[in-house]
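*Asks:* using only what follows, build the 3D model:
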Amino acid sequence: MKNRYFTIILAFIILLIVPSFSNCTENMDDYPDFMKKHMEKKISESIYYTKNTKNTITNINNNFNLKLYNQLKSNPGNIFYSPYSIVMALTMLYAGSDGNSKLQIEKAMGLSGNSTELYQSVKDLQDMVTESQTQNKFELSIANAFWIQNNLNIINDFNQILNKYFHSEIKKVDFRTQSEQIRVSINQWVEKITHDKIKDLFPRGSIINATRFVVVNAIYFKAEWDKPFKEKYTKPDNFYVNPGNTINIPFMKQQKNYRYMKNNHLEMIELYYKDYGASMYILLPVDKYGLASLESQITEENLNVWLEQLSSRLISLYMPKYKMEDSFELNKILLSLGISDVFSPQRSNLSGITKDIPLSVSAALHKAVIEVDEEGTVAAAATGIMGVSGALKMPEPIIVKVNHPFIFFIRYNKTGAVLFMGRVVNPGR
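*Replies:* Numbering: from 1, shown residues only. Predicted coordinates:
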C-alpha cells in the first residue's frame, strides 16, 4: 500500500485587549478582596511548575514552552508564539499516535504515560474557560476541529477522545476532489474563531488532494487591563535595541501598585488584567544589553523563585507600545526535540487515527500576532501541522523603564498556563 500523508492543522488564536492603568497612586484598599488575598500570600498561581501534578496540560505546556523558547532564542530579532497552541496540536497528534512515534512525543513533552489524566486535564481546562466567561471581564475561547477524508474509518478511541476531552468538531470531507474548497473553509473557520486576526492560515497549495486530515485548535483571548493607560501620558522616548541602534518610540506611563521583584540580573513585573483572570509578566534585564544572559537563566526553577518573590510595590512604569508578527516552521524544532518518526512515511505510526492507510506529517507551521497599546493588547496565534504574588507600599515609587530588549509571557491565572510568550528586541519593527 502506498504511503499517504495527512495534514494536521492546529490554530491557536488569543486576542488580548488590555486598557492599562490610571496614573493615580493606589493603596491596598483599591484592590478587590480576591486580589488582596493573592498579594498577602503565595498561591499556586505563583508557581510556574508544580511537581505534584506533573501530568496536567498546564505543567506540560509550561515545561514544553521553555524547550520551545530555547530553540527559538537563537533566531534574530523579535519572537512571539503561543506555546499553548503548539502543545495542544501535539497533544491531539499524540492521541492518534502509537509505538515509537508515541514514545518520542511523550519524551519531548515530558508526559508520564498516563494519557487519561492528560486528556482529563485538557477537558477540565476547557470547561473552566467556558465557566469563566460569566465570571471574568475577558473572553477566552478554545476551539478544536478535525477534518478527515470521508472514506477513512476513524478509530473509535480516537474519535471518543476528540469528542469527550477536546470538544472537537469532526468533519468528514473529500480532500481528493475538493482540497481547495476545504482549504478556504478551514481558513474561514480559523478567521471566525480568531475574530479575523489570523487570515489565510493555509496558503494556496498547502492543502492538496493527497491530504488526509487536518486538525485545528484556535484560541481567542480578549481582556482589559485592570485600569487603562491614559493616552495623554504617552510620550516618545528612547529604546536601546543594541549598542549601535537606539530608536525613538511611544512609551506609555503608569504609576500604581504592581507585583514586582528585582535581583542582580533582572526586574520582573506583573501587569494583571481585570479580575486578575490573566496577567502579562515582563522580564527586563538589569544590564541594558543583557538579554542573552537573562535568556540563559530562564528555567523552571528560576521562574518559580522569581514568581514567588513578587510583592506589591508602588511603581512608575514606562512601557513601550509595540506590535509584531512572527511565523515559522516547527519541523526543525520538533525534530531537534526528538520528534522525528511522525515526519517519516516509513517510520510514522499514527495508526491510532485510522488503520486504513499509513499517515505521516509533512509540515508543522505556526503564526502569531500581538499588539500592545493604551487601549489594550490584541494577540493571535495559529499552529498548523500538515502531513501527507503583596508587601507594604513604598513611600516613593520605583521607576521601571522597559526601554531595552525584554522577555514577556501572558498567563491564564486560574491554572497558570502560559498562553503566549515572546521577546521584544526592536518594538519599532
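
*Asks:* hang on, residue 102 packs against residue 350?
*Replies:* No: between residue 102 and residue 350 there is no contact under CB atoms under 8 Å: 9.2 Å. Yep, even glycine has a C-beta here, placed from its N, CA and C like the rest.

*Asks:* higher neighbour count, these two?
*Replies:* Between residue 102 and residue 350, counted using other CB atoms under 10 Å, the more crowded position is residue 350 (29 against 23).

*Asks:* ok, and the closest non-adjacent residue to that one?
*Replies:* residue 359 (4.2 Å; CB to CB, 6 or more residues apart in numbering).

*Asks:* please enumerate the helices of the stretch 201-350 of the chain.
*Replies:* Per DSSP state H, counting those that start in this stretch, the stretch 201-350 of the chain carries helices over the ranges 291-295, 300-309, 331-336.

*Asks:* mind putting these into CSV with distance to residue 66, mean pLDDT and mean neighbour count?
*Replies:* As requested, the helices of the stretch 201-350 of the chain are exported to CSV (distance: least, CB to CB, whole Å; pLDDT from 0 to 100; neighbours: other CB atoms under 10 Å):
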stretch, distance to residue 66, mean pLDDT, mean neighbour count
helix 291-295, 11, 97, 17
helix 300-309, 7, 94, 16
helix 331-336, 13, 93, 16
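
*Asks:* ok, which of those comes nearest residue 344?
*Replies:* Closest to residue 344 of those, according to CB to CB: helix 331-336, at 10.3 Å.

*Asks:* elements contacting whichever helix or strand comes after the closest one?
*Replies:* Next along the chain after helix 331-336, taking DSSP states H and E as the criterion, comes strand 363-372. Applying 3 or more CB pairs under 8 Å, 6 or more residues apart in numbering; DSSP states H and E, we find strand 363-372 packed against strand 79-81, helix 83-95, strand 322-329, helix 331-336, strand 377-386, strand 417-424.

*Asks:* wait, the residue nearest to residue 350 touches residue 214, no?
*Replies:* No: between residue 359 and residue 214 there is no contact under CB under 8 Å: 11.9 Å.

*Asks:* quick one: which helix or strand includes residue 166?
*Replies:* Going by DSSP H and E, residue 166 is not in any helix or strand.

*Asks:* and the nearest residue to it once chain neighbours are set aside, what does it touch?
*Replies:* Using CB to CB, 6+ apart and skipping residues adjacent in sequence, the residue nearest residue 166 is residue 144, 4.5 Å away. Residues in contact with residue 144 (CB atoms under 8 Å, 6 or more residues apart in numbering) are 88, 92, 162, 166, 167, 168, 169, 215, 216, 217, 218.

*Asks:* filter these to the buried ones?
*Replies:* 88, 92, 162, 166, 167, 168, 215, 216, 217, 218 (16 or more other CB atoms under 10 Å).

*Asks:* quick one: the second one from residue 279, how far?
*Replies:* When CB to CB, to the nearest Å is the yardstick, residue 92 and residue 279 sit 27 Å from each other.

*Asks:* one step back: mind putting the buried ones among the contacts of residue 144 in JSON lines, pLDDT included?
*Replies:* As requested, the buried ones among the contacts of residue 144 are exported to JSON lines (pLDDT from 0 to 100):
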{"residue": "88", "pLDDT": "89"}
{"residue": "92", "pLDDT": "91"}
{"residue": "162", "pLDDT": "93"}
{"residue": "166", "pLDDT": "90"}
{"residue": "167", "pLDDT": "88"}
{"residue": "168", "pLDDT": "88"}
{"residue": "215", "pLDDT": "80"}
{"residue": "216", "pLDDT": "82"}
{"residue": "217", "pLDDT": "78"}
{"residue": "218", "pLDDT": "79"}
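
*Asks:* out of the residues you listed, which is nearest to residue 304?
*Replies:* residue 88 (23.6 Å).

*Asks:* against residue 342, how distant is the closest one?
*Replies:* Counting by CB to CB - residue 88 and residue 342 are separated by 16 Å.

*Asks:* got it, and residue 399?
*Replies:* From residue 399 to residue 342 the distance is 50 Å (CB to CB).

*Asks:* more neighbours, the two?
*Replies:* Just comparing residue 399 and residue 342: by other CB under 10 Å the higher neighbour count belongs to residue 342, 29 against 10.

*Asks:* now for that one: which residues touch it?
*Replies:* Residue 342 touches 93, 97, 101, 104, 105, 348, 349, 350, 360, 361, 387, counting by CB under 8 Å, 6+ apart.

*Asks:* export the host helix or strand of the third one as PDB, just CAs?
*Replies:* For residue 101, the element it lies in under DSSP H and E is helix 99-109. Below are the C-alpha coordinates for helix 99-109, written out as PDB (Å, rounded to 0.1, in the frame of the first residue of the first chain):
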ATOM      1  CA  GLY A  99       4.600   2.800  19.000                       C
ATOM      2  CA  ASN A 100       7.800   4.800  18.800                       C
ATOM      3  CA  SER A 101       6.000   7.800  17.400                       C
ATOM      4  CA  LYS A 102       4.100   8.000  20.600                       C
ATOM      5  CA  LEU A 103       7.100   7.400  22.800                       C
ATOM      6  CA  GLN A 104       9.000  10.300  21.000                       C
ATOM      7  CA  ILE A 105       6.200  12.700  21.700                       C
ATOM      8  CA  GLU A 106       5.900  11.500  25.300                       C
ATOM      9  CA  LYS A 107       9.600  12.100  25.900                       C
ATOM     10  CA  ALA A 108       9.700  15.500  24.200                       C
ATOM     11  CA  MET A 109       6.600  16.800  26.000                       C
END
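
*Asks:* got the buried residues for it?
*Replies:* Result for helix 99-109 [16+ other CB under 10 Å]: buried residues 101, 102, 103, 104, 105, 106, 108, 109.

*Asks:* what's the most distant pair in the contacts of residue 342?
*Replies:* 104 and 387 (14.8 Å).
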